[in-house]
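**Q** Got a predicted structure here, sequence first:
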Amino acid sequence: MDTKGWVLRAVEKLRFASEKDIQRWLDEEGETLSREELKKALEFLLREQKLELKGDLYRIKNKEGGKDAFSKLFND
C-alpha cells in the first residue's frame with residue numbers, strides 16, 4: 001500500500017485524528033513515515049477531497065449526492 005493509502009486507512013480507523021494520532025497509529029502498524037511524507041499525503045488527500053480538516057482534526061469526507069439521488073427517485 002502506498003503512503004496515501006496508509007494515511008487514509010489510519011483516518012478511517014481513528015475517525016477523527018490529529019497528525020500526531022495518525023503518526024502514532026502508523027507507527028503501531030509498523031509503517032513509519034517522516035513528518036514531511038505525512039504532511040504531503042494529508043495535503044494530497046485534502047485536495048482530492050477524500051479528507052476534510054476541522055480545526056486540527058482530519059476525518060473522512062462525507063460522500064455527497066445520496067440526498068439528490070433519493071430525491072430524484074421519490075419526487076417523480
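**A** Sure thing, it's come through.

**Q** Check which element follows the helix or strand residue 46 falls within along the chain.
**A** Element membership for residue 46 (DSSP states H and E) is helix 35-47. Counting by DSSP H and E, the next helix or strand C-terminal to helix 35-47 is strand 51-54.

**Q** thinking again about what came up before, tell me what the helix holding residue 46 is packed against?
**A** Using 3 or more Cβ pairs under 8 Å, 6 or more residues apart in numbering; DSSP states H and E, the elements in contact with helix 35-47 are helix 3-14, helix 19-28, strand 51-54. C-beta: built from backbone N, CA, C; applies to glycine.

**Q** deepest of the ones you listed, which one?
**A** Of all the helices and strands packed on helix 35-47, helix 3-14 carries the top mean neighbour count, a mean of 18, counting by mean count of other Cβ atoms under 10 Å.

**Q** got the angle between it and helix 19-28?
**A** Interaxial angle of helix 3-14 relative to helix 19-28 (axes from the mean of the first three to the mean of the last three Cα atoms, to 10 degrees): 100 degrees.

**Q** before we move on, back to that, output the helices and strands packed on helix 35-47 in TSV, with distance to residue 39 appended to each entry.
**A** Output for the helices and strands packed on helix 35-47, formatted as TSV (distance: least, Cβ to Cβ, whole Å):
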stretch	distance to residue 39
helix 3-14	10
helix 19-28	8
strand 51-54	12
